[in-house]
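# need the 3D shape of this:
(one chain, ligands or ions: 1)
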Amino acid sequence: MSTAATVLLNHPREVERLVAGQPTSDGAGVKLNRVLSNNLQRRLDPFLMLDHFGTDNPDDYIAGFPDHPHRGFETITYMLNGRMRHRDSAGHEGLISDGGVQWMTAGRGVIHSETPEQNEGRMAGFQLWLNLPAKDKLCQPWYRDITSAEVPEFEQDGVKVRVIAGESHGVAGAVQRQHTEPLYLDLSLAPGARFEQPLPAGFNAFVYVFEGGLKFESGCQVPPGRMAILANTPGSDGVRLTAGEQPTRALLIAGRPLNEPIAQYGPFVMNTEAELVQAVRDFQAGRLA
Ligand code: CO
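The predicted structure follows:
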């Protein structure tokens, strides 16, 4: 049975610009596409980074991410395929596999490793970095493994929606955050299917297509491997996405900007240079473990 897609929005946002990711490698040589990099941190505040990894070649991922520190923000790892073992200095250990999420608040400091637990087959997923407000940057580290079955989902008008964070069409996501109110959706759209999501105009938002393609009413098309930054048009009330002629997968991510200074040195993200110097000192002195 097919029904007309629900119309919630009067003034959907348009695409401000399309961004192609940068192929890079991180950890011990894991190949990935860096979709959101340093030059977009201000524009997409509170999001600091988005990496997309996806390969059938074990040489691209097998070495994983050996022990490394973080301070001042949160890392959200979403596995589409494959298994990754996580261990950290706070004593947490967990395994994320197909469809599961690991949400880690580094706060004042965590040292962790992320290691693939397979030596053949496909490994694919995302890591998103979400900034913390200044007052929470040195908070107690926090960690949660969310299995695929624990990610709330619903289907509507040919669209399957997995709600990792925030709220969509009355379905609360696996994680809520007070200050930045992040929305993190994984959308699977049938060919031609349409999805609407209300969004406050002041929230920064983007869509990343990883299969198929999306089109906007302006005629703008978003092919796979591209991020569409959504315009913060005053008076806009959300986003309307329509799949092209292929089955389409995309992430829709949005949040309230912190509007605070961003100072980054590798895996440390603070507000000032002095705080970065302190982070490096604390790491070298073993105070992050
Ligand atoms: Co890490």
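# could you pull out the helices in the stretch 151-289 of the chain for me?
273-284 (DSSP state H, counting those that start in this stretch).
# any idea which helix or strand in this protein has the lowest mean pLDDT?
strand 22-26 (a mean of 88; mean pLDDT, DSSP states H and E).
# elements contacting that one?
strand 30-36 (3 or more C-beta pairs under 8 Å, 6 or more residues apart in numbering; DSSP states H and E). Yep, even glycine has a C-beta here, placed from its N, CA and C like the rest.
# what residues does the strand it packs on touch?
The contact list for strand 30-36, computed with C-beta atoms under 8 Å, 6 or more residues apart in numbering, reads 19, 21-26, 44, 47-55, 60-61, 63-65, 128, 206, 208, 225, 227.
# can you tell me the average pLDDT over that strand?
The pLDDT scores in strand 30-36 average 91.
# partners of it in the sheet?
Within its sheet, strand 30-36 is paired with strand 22-26 (antiparallel), strand 47-55 (antiparallel), according to DSSP bridges.
# out of the ones you listed, which is the most enclosed?
strand 47-55 (a mean of 21; mean count of other C-beta atoms under 10 Å).
# and whichever helix or strand comes after that one, average pLDDT?
The helix or strand immediately downstream of strand 47-55 is strand 65-70, counting by DSSP states H and E. Strand 65-70 carries an average pLDDT of 94.
# what sits closest to the spatially most central residue of the chain if chain neighbours are left out?
Computing the C-alpha centroid of the chain and ranking residues by C-alpha atoms, centre = their mean puts Leu128 first, at 3.4 Å. Leaving aside its sequence neighbours, Leu128 sits nearest to Ile76 (C-beta to C-beta, 6 or more residues apart in numbering; 4.5 Å).
# residues contacting the helix or strand the one you found falls within, please?
Taking DSSP H and E as the criterion, Ile76 maps to strand 73-81. For strand 73-81, contacts defined as C-beta under 8 Å, 6+ apart pick out 48, 54, 84, 86, 96-106, 114, 121-132, 137, 164-165, 184, 186, 269.
# who are the packing partners of the helix or strand following that strand?
Under the assignment DSSP H and E, the closest C-terminal helix or strand after strand 73-81 is strand 83-88. If you count contacts as 3+ C-beta pairs under 8 Å, 6+ apart, strand 83-88 packs onto strand 93-97, strand 101-105, strand 110-116.
# just name the most buried of these.
Ranked by mean neighbour count under mean count of other C-beta under 10 Å, these are led by strand 101-105, which reaches a mean of 23.
# who's in contact with that strand?
So strand 101-105 is contacted by 70, 74-79, 84, 86, 88, 94, 96, 110, 112, 132, 139, 141-146, 151, 164, 174-175 (C-beta under 8 Å, 6+ apart).
# what's the answer for stretch 173-180, then?
Outside stretch 173-180, the residues that reach it (C-beta under 8 Å, 6+ apart) are 46, 101, 103, 130-133, 136, 144, 146, 150-152, 163-167, 182-184, 255-258.
# mind doing that once more with 7 Å?
Contacts to stretch 173-180, defined as C-beta atoms under 7 Å, 6 or more residues apart in numbering, come from residues 46, 101, 103, 130, 133, 146, 150-152, 163-167, 184, 255-256, 258.
# perfect, I'm done here.
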